[in-house]
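# okay, structure incoming, though there's no sequence with it:
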């Protein structure tokens, strides 16, 4: 999936990063900590005039709005699923203590992964002046 249909949020796909790691060097829990702390998993729709027709709560990151921008963790197996759910619950407690919103991140088993077109590969490296829509909440995840 690519092009205008994906950009318009019409395909049901999410724009994600595929993480390949060595568990001898970094644990899955450490990866989850980085995930939670480096974006805002509580993003909800802000009023638009007219409102977007495609997007329930959680379908945005900063100014990027649409189903393709939802916060999501795709897991491989029950161990990752359980760890992701536990980390979400722990981080939600921290966010509530700081009077932040509810986490809208979807956690579900991974399906097929599709690479984005070449233009989007290593985008921040290729476009060093491009803005990055991700900003954390400033709340530490204690896992």
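Cool, got the structure. Only a predicted model underlies this, so the values are computations on that prediction, with no experimental measurement involved.

# distance from the longest helix along the chain to the middle of the chain?
With residue count as the measure and DSSP state H as the assignment, the chain has helix 78-97 as its longest helix. For helix 78-97, the gap between its own C-alpha mean and the chain's C-alpha mean amounts to 14 Å (Cα atoms, centre = their mean, to the nearest Å).

# measure the closest residue to residue 15 other than its chain neighbours to residue 83 for me?
In space, and not counting its chain neighbours, residue 15 is closest to residue 68: 5.0 Å by Cβ to Cβ, 6 or more residues apart in numbering. For every residue, glycine as well, the C-beta is placed using N, CA and C. For residue 68, the distance to residue 83 under the criterion Cβ to Cβ, to the nearest Å works out to 25 Å.

# still on that earlier bit, now tell me what touches the longest helix of the chain from outside.
Outside of helix 78-97, the residues within contact range by Cβ atoms under 8 Å, 6 or more residues apart in numbering are 28-29, 32-33, 36, 41-42, 73, 75, 101-103, 105, 107, 109, 137, 139-143.

# list the buried residues of it.
By neighbour count, with 16 or more other Cβ atoms under 10 Å as the criterion, the buried positions of helix 78-97 are 80, 81, 83, 84, 87, 88, 90, 91, 92, 94, 95.
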